[in-house]
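K.L.:
Predicted model, plus sequence, below.
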Amino acid sequence: MSSTKIISAAAALAGAAGLGLGYRLRMSETSQAAGTFPYCGTADRRVVALTFDDGPNDPYTGALAELLADRQVPATFFQVGRCVERHPQRSKELAAAGHLIGNHSYRHRFDDYLRPDKFLADVDRTQQIIADVTGTLPRHFRPPWLYRTPALLAGIADRDLRVVSGRFCDPLEVLQPSSRRIARQAERRVEPGSMIIFHDGFDDRGGFRGRTVAAVGLLIDRLREVGYGFVTVDELLPVPCPGGSSARRPLDRA
């Protein structure tokens, strides 16, 4: 091999290693390198939090709402501001049913991370959109793709929001494999205090999520068979409130 080819191969390997390290530090579910990023809550019993990102996205979010009501399971929805603007009634009904609504950015676009000030302004914008619809200001935030930097985490903390990671139900969920596969993969990631990440939408663009809905039903039934109960994220990651113990803060309306 010529010296030029050796140098090119070494550069490619170094680039791949750099990308891998960057993913590990900035986007993995469990890395704490950028700052505290909880992927599992504290629990002294067998409970799990089912979480849903990228919605609301009907008819799939509506189907999930019906399934969760039928099984009497509370859940947490990290919603995208633009999606809430499209389906405000769905967000309102989820909150009224006792589900927790969290903030998941305004546009769910990766290029928004290139302008941190704009990204954080959009977080504020989504806070107000959700508060106007549900009457409650979110206290939890999950960044799209779980991407974070120390500066971003500091900006989120400054907004009195608690950042939340979790464990992806299935690395191939975006491709919508069979519902049985999604449920089986998710079950492997469950332990007491787990926060499992499903998607009821795709970025801010909607998309088919029928097999995710079916998988959630299978997973709930299976986890109940082995003694698990279900909670919302604020029960695993409580947020102190001045003057009270509630993790949810009603919107102060004029």
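P.N.:
Structure received. Residues are numbered from 1 along each chain as shown.
K.L.:
three-state assignment of residue 190?
P.N.:
Secondary structure, DSSP: H, G, I helix; E, B strand; the rest coil: residue 190 is coil.
K.L.:
Just grab the bridge partners of the closest residue in space to it that isn't next to it in sequence for me.
P.N.:
The shortest distance from residue 190 to any non-neighbouring residue, by Cβ to Cβ, 6 or more residues apart in numbering, is to residue 48 (5.4 Å). From N, CA and C alone the C-beta is placed, and that goes for glycine too. Applying DSSP bridges to residue 48 yields these beta-bridge partners: residue 194, residue 230.
K.L.:
residue contacts, residue 48?
P.N.:
If a contact means Cβ atoms under 8 Å, 6 or more residues apart in numbering, then residue 48 has 190, 192-196, 223, 228-231 as its contacts.
K.L.:
same deal with residue 159?
P.N.:
120, 123-124, 127, 141.
K.L.:
just to revisit the earlier point, can you select the buried ones from the contacts of residue 48 in ChimeraX?
P.N.:
Of the contacts of residue 48, the buried ones go into a single ChimeraX selection, burial set by 16 or more other Cβ atoms under 10 Å:
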select :190,192,193,194,195,196,223,228,230,231
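K.L.:
would you list every one of the helices in this protein?
P.N.:
3-26, 60-71, 81-86, 88-96, 116-134, 150-158, 179-188, 210-225, 233-236 (DSSP state H).
K.L.:
Save those as CSV, and put in mean pLDDT too.
P.N.:
CSV is the format used below for those (pLDDT from 0 to 100):
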stretch, mean pLDDT
helix 3-26, 62
helix 60-71, 98
helix 81-86, 97
helix 88-96, 98
helix 116-134, 97
helix 150-158, 96
helix 179-188, 98
helix 210-225, 98
helix 233-236, 95
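K.L.:
Using TSV, please lay out those together with distance to residue 204.
P.N.:
Shown next, in TSV, are the helices of the chain (distance: least, Cβ to Cβ, whole Å):
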stretch	distance to residue 204
helix 3-26	21
helix 60-71	13
helix 81-86	5
helix 88-96	14
helix 116-134	11
helix 150-158	19
helix 179-188	22
helix 210-225	17
helix 233-236	21
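K.L.:
Let me know the closest of the contacts of residue 48 to residue 168.
P.N.:
Nearest to residue 168 among these, counting by Cβ to Cβ, is residue 196 at 8.0 Å.
K.L.:
So the closest one sits against residue 187, correct?
P.N.:
No - here residue 196 does not reach residue 187: they are 9.2 Å apart, not a contact under Cβ atoms under 8 Å.
K.L.:
Count the neighbours of the residue lying closest to residue 197 once chain neighbours are set aside for me.
P.N.:
Spatial nearest neighbour of residue 197, chain neighbours left out: residue 166 (4.2 Å); criterion: Cβ to Cβ, 6+ apart. Residue crowding around residue 166 was assessed by other Cβ atoms under 10 Å; the count is 26.
K.L.:
Now for residue 166: which residues touch it?
P.N.:
Contact partners of residue 166, counting by Cβ under 8 Å, 6+ apart, are 29, 39, 49, 51, 142, 194-197.
K.L.:
go again using 6 Å as the cut-off
P.N.:
By Cβ atoms under 6 Å, 6 or more residues apart in numbering, the contact set of residue 166 is 39, 51, 195, 197.
K.L.:
for residue 187, same thing?
P.N.:
Residue 187 is in contact with residue 222, counting by Cβ under 6 Å, 6+ apart.
K.L.:
Kindly provide the distance from it to residue 174.
P.N.:
Applying Cβ to Cβ, to the nearest Å, the value for residue 187 to residue 174 is 19 Å.
K.L.:
anything in contact with each of residue 196 and residue 187?
P.N.:
With Cβ under 6 Å, 6+ apart as the test, residue 196 and residue 187 reach no residue in common.
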